[in-house]
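Q: just a sequence and a predicted model for now, questions to come.
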Amino acid sequence: MPASTNEAVRVAVLADSDTRWKWGALTARRITAEAVEPTGFLLRGRATPTARQLAETGVSTTPPREVTGAEFLRAVRDAAARDEGYDVVVLALVGGTVRAVLQGLAELSLPRRPVIVTGYVGVVYEKLADGLLLRHGADVVLANSRHDAERFRAVYEGVGADASSVVEAALPFLGGAPYAPEAGRDTLVFAAQPSVPATRAERTYLLRRLVGYARAHPEREVLLKLRSKPGEHTTHLEELPYQRLVRELAVPPNFRLVYGHMGEVLDRTDLLVTVSSTAALEALHRRIPTAVLTDLGVREVLGNHHFIGSGLLTSFDRLDADVRPVPDEEWLARQGVAAGGGSYASSFDAARARVRELLARPALPPIAPYYTAETAPGYLPGILARHRLDATAPEPRDSGLRRVVREAARGAYRHGVQRVAPVIRRLGEL
C-alpha cells in the first residue's frame, strides 16, 4: 500500500453509464495523479453504453470491462489476493448501487480495504437527502461546488451522520478554451436531455420553438445536441427521442441534429440553451453565453430551479428578440464555474490531500454507512436484495450464447422503453 499518492496508486472505477464513466475516470485522475490510468469496470444494466458512446466520452483509449456487481467484487478480492489490491475505488453509480457495493466491499473483509470515493456527475436537483444517505459510508463524498458541499454537510449533520467525508471539489470535465466570438459565426446550441422534459407535448414544444428560431434567423446555425442515438441509453432513460419527434416537422437547412463530445460542440457555440443540462455549467465555465429556459415553468421536476439566482433564466420569446441573459458572478462562484486565476486547477487539492491522508494511515476504519438494519430496516433490505452482490457465489460462464441472449434482452428493453411505453401511456390518457 503506497504511503502517498506520489507513489504508484492502483485505482478502480466502477460506473453504470457513459456519463458516469467519464466522471469516474476523470475524477480518478484528478484525485490521485494525472498520469494514473484507472482500471475501468462498467456495471451491466439497463444503461450499459455502446462502444460508440464510450469512445465519445474521450476519457480513455482502453474501454472499461463490462461486469456484474458480484464480478466486480470478485475482481477486487482477487487483486488483493495477488498482492495487487486497489488502493482507491471510485464508485460512479446511482445511490442505491453505491450502498450495495459498500456492503459488498465490507463483506470481503480484505486485510486492507481501498479508499472509497463517490459523488455526483452533475447538477443535484432531486432526491438530495436519499441520494446522499445512500452514499454515506464512502470515505470521500465529492461535492462539485461550495454550494453542494454546504448542502451535503447539512443533510448528514441533520440526521446525526458523520459529515467529514464531504469534500468540496468541482466537476472534473470543466475546461476548454475561453469563449472567443468569430466573425461570420453565430451558432445556437440546444443541449437536449434524455428525460427532461418528459412528456411528448413539452418535448415537441421545445422542438417547434427551436425550428421556429432557426427559420426566423436563417443567418444563424441552430444545433440540437443529442446525448444518444435511438436504441442507446444514457444515465437517464429517454422514452421520446428528439430524432423521432423531428420527423413530424419541416425543418430549415440551418437546423441540424448533432452528436459528439460536448466540449468540441462548445468550441463552436455562441449561445448555449437548455432546460437544466450540466452542459450549462460547462459553457459558463468557458464564459459562453448561456440561457436556461423558463418556457415550461421553473419546476423541481425540470431541474431548472437549480438556476434560481443565476441570472440565466429566460424564455424563447426573449431569445427571439435577441435579449440574452447575463450571469450573476456570485452565483457562478458558488457553483465553482467560470473560475479564473488558476482556482479551478486547485479545486481538487482538498480531495487529493484527503485521499493522500487516508492512504497514509496504517489501517482504515470499517465501512460505516448511515443506512443500516437498525436505521432503515424497512428500506435497506430491499436495496441490497435488488443488487444481489455475493462475491462467494459461483462465477457463471460468459458463453457466446449468454452474450447473445443478454444483448437481445437489452435490445428488447430499449425497444419497450422507447416504442411500447409511450404508446401505452397515450392509450391510458384516452
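A: Good, I have the coordinates.
Q: my guess is residue 332 meets residue 326, correct?
A: No: proximity of residue 332 to residue 326 does not meet the contact threshold set by C-beta atoms under 8 Å, at 11.0 Å. All C-beta spots, glycine's among them, are computed from the backbone N, C-alpha and C.
Q: which one of these two has more residues nearby?
A: Taking other C-beta atoms under 10 Å, residue 332 and residue 326 do not tie; residue 332 has more neighbours (20 against 9).
Q: contacting residues around that one?
A: 284, 310, 338 (C-beta atoms under 8 Å, 6 or more residues apart in numbering).
Q: with pLDDT added, can I get the residues you listed in CSV?
A: As requested, the contacts of residue 332 are exported to CSV (pLDDT from 0 to 100):
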residue, pLDDT
284, 97
310, 98
338, 70
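Q: wait, which of those is closest to residue 118?
A: Closest approach between the contacts of residue 332 and residue 118, by C-beta to C-beta: residue 284, at 24.8 Å.
Q: ok so that closest one is a helix residue?
A: Yes: assessed by DSSP: H, G, I helix; E, B strand; the rest coil, residue 284 belongs to a helix.
Q: what count of nearby residues applies to it?
A: Look at residue 284: counted by other C-beta under 10 Å, it has 22 neighbours.
Q: ok, residue 333 next?
A: 15.
Q: and residue 210, by the same measure?
A: As a burial measure, residue 210 scores 23 neighbours (other C-beta under 10 Å).
Q: ok, now residue 124?
A: Residue 124 is flanked by 20 other residues according to other C-beta under 10 Å.
Q: nearest residue to it other than its sequence neighbours?
A: The shortest distance from residue 124 to any non-neighbouring residue, by C-beta to C-beta, 6 or more residues apart in numbering, is to residue 148 (6.1 Å).
Q: which parts of the stretch 151-300 of the chain are strands?
A: With DSSP state E, counting those that start in this stretch as the criterion, the stretch 151-300 of the chain has strands at 166-168, 187-191, 221-225, 255-258, 271-274, 290-293.
Q: report the strands that pair with the first one, each with its relative direction.
A: What that stands for is strand 166-168. Strands that pair with strand 166-168, judged by DSSP bridges, come out as strand 140-143 (parallel).
Q: the strand it pairs with: how far from the chain's middle?
A: When C-alpha coordinates are averaged (C-alpha atoms, centre = their mean, to the nearest Å), strand 140-143 and its chain have centres 14 Å apart.
Q: dump the contacts of residue 332 into JSON lines; add distance to residue 110 as well.
A: Putting these into JSON lines (distance: C-beta to C-beta, whole Å) gives the following:
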{"residue": "284", "distance to residue 110": "42"}
{"residue": "310", "distance to residue 110": "44"}
{"residue": "338", "distance to residue 110": "42"}
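Q: for the spatially most central residue of the chain, give me its contacts.
A: Residue closest to the average C-alpha location in the chain (C-alpha atoms, centre = their mean): residue 121, at 3.0 Å. Contacts here follow C-beta under 8 Å, 6+ apart; on that basis residue 121 touches 19, 20, 22, 23, 92, 235, 278.
Q: let's see 10 Å
A: For residue 121, the contact set (C-beta atoms under 10 Å, 6 or more residues apart in numbering) comprises 15, 17, 19-24, 27, 92-94, 144, 171-173, 235, 278.
Q: ditto for residue 117
A: Residues in contact with residue 117 (C-beta under 10 Å, 6+ apart) are 11, 13, 24, 27-28, 31-32, 88-92, 138-142, 165, 167, 351, 354-355, 358.
Q: can you do 6 Å?
A: Each residue near residue 117 by C-beta atoms under 6 Å, 6 or more residues apart in numbering is listed here: 90, 140.
Q: now swap in residue 290 and tell me
A: Residue 290 neighbours (C-beta under 6 Å, 6+ apart): 272, 280, 283, 284, 312.
Q: for those residues, which one is nearest residue 295?
A: Once C-beta to C-beta is applied, the member of the contacts of residue 290 that ends up nearest residue 295 is residue 312, at 13.7 Å.
Q: I am finished for the moment; much appreciated.
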